[in-house]
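K.L.:
Structure of the sequence below:
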Amino acid sequence: MDAREPLLDGDEHCRELFKKFDKDKKGVLSREGVRSFIHEKFVAKGIECMGELDYDIVVDKVFHRRRQEDRMTYSEFETDFAPIESDDKSKEEHGKVRIESKGTVQHLKRGHPKTGHLWHRVKKWCRKYTAEIFWLALYFQLMVAVFVAKAAQFGEDPAVGHCIRVAKGFAHICLVNTVLVLMPMCRNLVTGLRTLPVVTSYLPIDQHIEFHKICGVVLLLAALGHTAAWITIIIYAQGLKYGSLISYPTIYVDGPFGSPAQDYARYREVVLIAGGIGVTPFASILKNILYQWESYRCGYCRNIRFPPNFHLQKIYFYWVTRNQRSLTWFANTMNQLSEMDTDNRLEIHTYYTAKSLDDVIGPLEALQTFIHATEGQDIVSDLQTKQKTHFGRPDWNAEFSRIARNHIQLEPLDEISEEIGVFFCGPKKMGRDIHDHCALLNQAKERQMSDAQFDFHSEKF
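P.N.:
As a prediction, the model looks like this:
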């Protein structure tokens, strides 16, 4: 299934959307009817509304400007949604995504409404992350039990008090976490667990990277506690000779390392394509680009000013996934990059490929486009970028052709053809398809608009 396009044009497409939202078939949309339709169609299929907004707030935003706040006629629906649908369709027909400046998005924002009292938000957050909270609480209970069980094996020392018990307890936490910190990074184990419906129903397996980070933080804190306890013992037992301490040199570690991260910087244009969890290697690249751009920020006006010798001119990032919640993994990094991208150097395209969505994609796209135009936020991915999340798989031939046409706008370095770096990490079949498209466009008879060569790299992850 390629990225979906409307089958109807103009007024017919808008009227078809109106009929889908009109659950009661009365010719007038009601607030409760639209809310009921959303919960039956979207929530039942597991399509969440990411970020601070929820579907109830989205419905309120759609109805808040009506003469009657609980009813909407077709003419009122057409006034709000027809221009958005028409504009969105025209951008897709030209094969381009219109790049708007950050200032335009800010101009369209009308401010977030109050989402309720703090207690309401806490309850909503707890319902959303019930499984994560349960397993996290179980993990910390295990850490407390491990600490107490080990510390109970030692008595109080008359010279150093409870320091030995504390040191041994923290040491045992380190011992347990050295095992737990590696388990989430075992690719075959995680992939195997994903295939078991019983496990995925109760265990938030998609949060394995976050659990790995939590184990690492606990391991670090336990190691610091263990070290502090033994230093205290040494001070009590022998005293500390401060004069023996030496100043060691500072060491800086640059990164990221490994293919394809080590090669992307030598191209003026790069295309980063990730499939599913294959986005992990590109997260370090995006964060490295974020740090580079931040170093070019003016200390007075806080604007990003790229030096003339800055080599990387254009970045196309594509992420195809069937798991909606995975789109939020690197939301902060991508939102920061989009905010700093004043020169339109970055394009972020996310594709949501979940099955059995054909009957709800039309209404979902309408709400998504409406909120993106008015709030600057994508309710599917929680990204605040210039592009919205697409539904279905990308049309790689159209995307690479568009990239080749955009290549003409760059000032050529010399008379020879210039390569565009294409870096992929994901399923093998998807990688073969992308490689075949690159090879096809590299043939002289197929390249009618540009002399650009696509240099394909594949990452095994």
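
K.L.:
residue contacts, Val190?
P.N.:
When contacts are counted by CB atoms under 8 Å, 6 or more residues apart in numbering, Val190 is found next to 184, 205, 208. Where C-beta positions appear, they are placed from N, C-alpha and C, glycine not excepted.

K.L.:
That one sits in which helix or strand?
P.N.:
When elements are assigned from DSSP states H and E, Val190 belongs to helix 187-194.

K.L.:
What strand or helix carries Phe77?
P.N.:
If you go by DSSP H and E, Phe77 is part of helix 74-93.

K.L.:
Serialize the contacts of Val190 to TSV and add fields for distance to Ala366 and secondary structure.
P.N.:
As requested, the contacts of Val190 are exported to TSV (distance: CB to CB, whole Å; DSSP: H, G, I helix; E, B strand; the rest coil):
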residue	distance to Ala366	secondary structure
Pro184	38	helix
Ile205	32	helix
His208	35	helix
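
K.L.:
in the chain, which spans are strands?
P.N.:
For the chain, the strands identified by DSSP state E occupy 29-30, 71-72, 269-275, 314-321, 346-352, 390-391, 419-425, 453-458, in order along the chain.

K.L.:
Let's have the ones you listed in a markdown table, adding mean pLDDT and mean neighbour count.
P.N.:
Compiled in a markdown table, the strands of the chain are given as follows (pLDDT from 0 to 100; neighbours: other CB atoms under 10 Å):
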| stretch | mean pLDDT | mean neighbour count |
| --- | --- | --- |
| strand 29-30 | 78 | 21 |
| strand 71-72 | 76 | 20 |
| strand 269-275 | 89 | 24 |
| strand 314-321 | 89 | 22 |
| strand 346-352 | 86 | 22 |
| strand 390-391 | 84 | 22 |
| strand 419-425 | 87 | 22 |
| strand 453-458 | 84 | 18 |
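
K.L.:
closest one to Phe140 among these?
P.N.:
Each of the strands of the chain has some distance to Phe140 by CB to CB; the shortest is strand 314-321, at 30.0 Å.

K.L.:
Pull up the pairing partners for that closest one, direction included.
P.N.:
Paired strands of strand 314-321, with direction, are strand 269-275 (parallel), strand 346-352 (parallel) (DSSP bridges).

K.L.:
Quick one: closest of those strands to Leu118.
P.N.:
Across the strands paired with strand 314-321, Leu118 has its closest neighbour in strand 346-352 (31.2 Å, CB to CB).

K.L.:
Can you tell me which of the strands paired with strand 314-321 is nearest to Ala331?
P.N.:
Taking CB to CB, strand 346-352 is the member of the strands paired with strand 314-321 nearest to Ala331, at 10.3 Å.

K.L.:
can you list contacts of the closest one?
P.N.:
Counting by CB under 8 Å, 6+ apart, the neighbours of strand 346-352 from elsewhere in the structure are 3, 97, 99, 314-322, 324, 327, 334, 337-338, 380-381, 383, 385-387, 389-394, 399.

K.L.:
rerun that using 7 Å as the cut-off
P.N.:
Applying CB atoms under 7 Å, 6 or more residues apart in numbering, the contact partners of strand 346-352 are 3, 97, 315-321, 324, 327, 334, 337-338, 380-381, 383, 385, 387, 389-394.

K.L.:
ranges for the helices of the stretch 251-400 of the chain?
P.N.:
Using DSSP state H, counting those that start in this stretch, the helices assigned to the stretch 251-400 of the chain run over residues 280-295, 331-340, 361-375, 396-407.

K.L.:
Does anything pack onto the shortest one? Which helices or strands?
P.N.:
For helix 331-340, the helices and strands in contact under the criterion 3 or more CB pairs under 7 Å, 6 or more residues apart in numbering; DSSP states H and E are helix 280-295, strand 346-352.

K.L.:
Those into TSV, with extra columns for distance to Ala452?
P.N.:
Formatted as TSV, the entries for the helices and strands packed on helix 331-340 read as follows, by distance: least, CB to CB, whole Å:
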stretch	distance to Ala452
helix 280-295	21
strand 346-352	16
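
K.L.:
And Tyr351, how far from Ile371?
P.N.:
Tyr351 sits 19 Å away from Ile371, taking CB to CB, to the nearest Å as the criterion.

K.L.:
do the same with Ser30
P.N.:
Using CB to CB, one gets 20 Å for the distance from Ser30 to Ile371.

K.L.:
Now His407: closest residue in space, sequence neighbours ignored.
P.N.:
When the adjacent residues along the chain are set aside, His407 lies closest to Ala452, with 4.3 Å between them (CB to CB, 6 or more residues apart in numbering).

K.L.:
What is the neighbour count of that neighbour?
P.N.:
The number of residues packed around Ala452, counting by other CB atoms under 10 Å, is 22.

K.L.:
My guess is it contacts Glu418. True?
P.N.:
Yes. Ala452 sits in contact with Glu418 when judged by CB atoms under 7 Å, with a separation of 6.3 Å.

K.L.:
Now the common contact residues for these two.
P.N.:
With CB under 7 Å, 6+ apart applied, the contact sets of Ala452 and Glu418 do not overlap.

K.L.:
Can you pull out the low-pLDDT segments for the stretch 251-400 of the chain?
P.N.:
Low-confidence segments of the stretch 251-400 of the chain (pLDDT under 70): 253-262, 299, 302, 304, 306, 308-309, 355-359.

K.L.:
so what pLDDT did the residue in the chain sticking out farthest from the centre get?
P.N.:
Distance from the C-alpha centroid of the chain peaks at Pro158, with 54.2 Å (CA atoms, centre = their mean). On pLDDT, Pro158 comes in at 73.
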